[in-house]
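Peer 1: Sequence and predicted model, in that order:
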Amino acid sequence: MSSQAAFWCALSTAPLLLALLGLVGFVAPLFGDQTIGAIREQVDVFLRSIFNEEVADNLIGNTVDVILNNGQTDVVSIGLIISLWAGSSAMSAFVESITIAYCQHEVRHPVVERFFALGLYLIALVAGIFVLPLLAVGPDYLPRLFPPSWQANVETVVIIAYYPALAIGLLLLLTTLYKVAPKHRHSWKRGIPGALLAAVVFFVASIGLRLYLAYVYEHGLTYGALATPITFLLFYYFISMAIIIGAQFNNALLEYYPPRRSRREMRKWQRFDPKRAAA
């Protein structure tokens, strides 16, 4: 399942960039003239934190520049159509992996599950159109909302808390995915341990990828040109693997420390799986 999700994620990256960043190019002027430059800077920081300089500039960076500076409707429409197909397939793979981890495979009809994944993907896409500009200009704009005597202190707090708050936000999003993906849902807090484990797995994997890229480019190996696409695919594979490992961990905790269920919940689980409900 990790390979399947990684394949669809890699396939949807280019059209997703076309659709998301192209639409951001239209929305960004509403947040100020410097928004596009700030978004480009934040994307560059993210890419360089995951990949090395060559991958960040050559594989994705140039594409980001073109899309942000030229928000063409035809490019956005084509990218959006392809992105909806490939991106919803990636989201469907994640939803299916999580439902398998929670022992709820095929509880939801495959057609319903596909439309459910498409809905989640559309929500993420629409949210990203407005969240990206806010993340880019927020640290500079937020201190201006306070009195001049407070702005220096607020700016210091924002600088310190920006990346921790961003990490917490990503953890909350992953926890929400663990909450909504299964048809028979558990409490929201039961997804937090798996989200934390997934973050640790991805952090360790990203360090390994950076070390691999640094070694390849430093020693000038003959297959160095292939290191960029290989790392790109491995990046998505490790993301998918981390999400699935987190879901498996959450289900293991549910097995060892089952929550108390109401009679209504027990009737639902009994219709789904009598043996598990009896346990």
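Peer 2: Sure thing, it's come through.

Peer 1: which residues of this protein score low on pLDDT?
Peer 2: Scanning the chain for pLDDT under 70 picks out 1-2, 14-15, 17-40, 42-43, 45-80, 132-139, 217, 219-228, 261-279.

Peer 1: how about the helices in it?
Peer 2: Secondary structure of the chain (DSSP state H): helices located at 2-27, 35-50, 53-54, 62-69, 73-101, 110-141, 148-180, 192-219, 224-256, 263-272, 274-278.

Peer 1: hang on, residue 90 packs against residue 5?
Peer 2: Yes: when contacts are counted by Cβ atoms under 8 Å, residue 90 is listed as touching residue 5 (5.8 Å). No exception for glycine: its C-beta is placed from N, CA and C like everyone else's.

Peer 1: quick one: common contacting residues for those two?
Peer 2: Here residue 90 and residue 5 have no joint contacts, going by Cβ atoms under 8 Å, 6 or more residues apart in numbering.

Peer 1: List the buried residues of stretch 172-188.
Peer 2: For stretch 172-188, the neighbour count (16 or more other Cβ atoms under 10 Å) marks 174-175, 177-184, 186 as buried.

Peer 1: what do you get for stretch 196-215?
Peer 2: Neighbour counts over stretch 196-215 (16+ other Cβ under 10 Å) mark 197-199, 201-202, 205-206, 209-210, 213 as buried.

Peer 1: Output it as PDB, nothing but the C-alphas.
Peer 2: Extracted in PDB, the C-alpha atoms of stretch 196-215 (Å, rounded to 0.1, in the frame of the first residue of the first chain):
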ATOM      1  CA  LEU A 196       3.400  11.400  16.500                       C
ATOM      2  CA  LEU A 197       5.000   8.100  15.400                       C
ATOM      3  CA  ALA A 198       4.400   9.000  11.800                       C
ATOM      4  CA  ALA A 199       6.100  12.300  12.200                       C
ATOM      5  CA  VAL A 200       9.100  10.600  13.900                       C
ATOM      6  CA  VAL A 201       9.400   8.000  11.100                       C
ATOM      7  CA  PHE A 202       9.200  10.700   8.400                       C
ATOM      8  CA  PHE A 203      11.800  12.900  10.200                       C
ATOM      9  CA  VAL A 204      14.300  10.100  10.400                       C
ATOM     10  CA  ALA A 205      13.600   9.100   6.800                       C
ATOM     11  CA  SER A 206      14.100  12.700   5.500                       C
ATOM     12  CA  ILE A 207      17.500  12.800   7.300                       C
ATOM     13  CA  GLY A 208      18.500   9.600   5.600                       C
ATOM     14  CA  LEU A 209      17.400  11.000   2.200                       C
ATOM     15  CA  ARG A 210      19.500  14.100   2.700                       C
ATOM     16  CA  LEU A 211      22.500  12.100   3.700                       C
ATOM     17  CA  TYR A 212      22.100   9.900   0.600                       C
ATOM     18  CA  LEU A 213      21.800  12.900  -1.700                       C
ATOM     19  CA  ALA A 214      24.800  14.500  -0.100                       C
ATOM     20  CA  TYR A 215      26.900  11.400  -0.600                       C
END
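
Peer 1: let's have the chain start at 766 instead
Peer 2: Renumbered: residue one is now 766, and that last one reads stretch 961-980.

Peer 1: before we move on, the earlier item: a markdown table please, covering the buried residues of stretch 937-953 and showing distance to residue 932.
Peer 2: Output for the buried residues of stretch 937-953, formatted as a markdown table (distance: Cβ to Cβ, whole Å):
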| residue | distance to residue 932 |
| --- | --- |
| 939 | 11 |
| 940 | 13 |
| 942 | 16 |
| 943 | 17 |
| 944 | 19 |
| 945 | 21 |
| 946 | 21 |
| 947 | 25 |
| 948 | 29 |
| 949 | 29 |
| 951 | 24 |
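
Peer 1: which one among these gets closest to residue 888?
Peer 2: residue 945 (10.0 Å; Cβ to Cβ).

Peer 1: With adjacent residues omitted, what lies nearest to the closest one?
Peer 2: The shortest distance from residue 945 to any non-neighbouring residue, by Cβ to Cβ, 6 or more residues apart in numbering, is to residue 885 (7.3 Å).

Peer 1: Looks like that neighbour contacts residue 863 (just checking).
Peer 2: No: contact criterion Cβ under 8 Å: residue 885 and residue 863 do not qualify, at 11.3 Å.

Peer 1: higher neighbour count, those two?
Peer 2: Set residue 885 next to residue 863 and count neighbours by other Cβ atoms under 10 Å: residue 863 wins out with 27 against 20.
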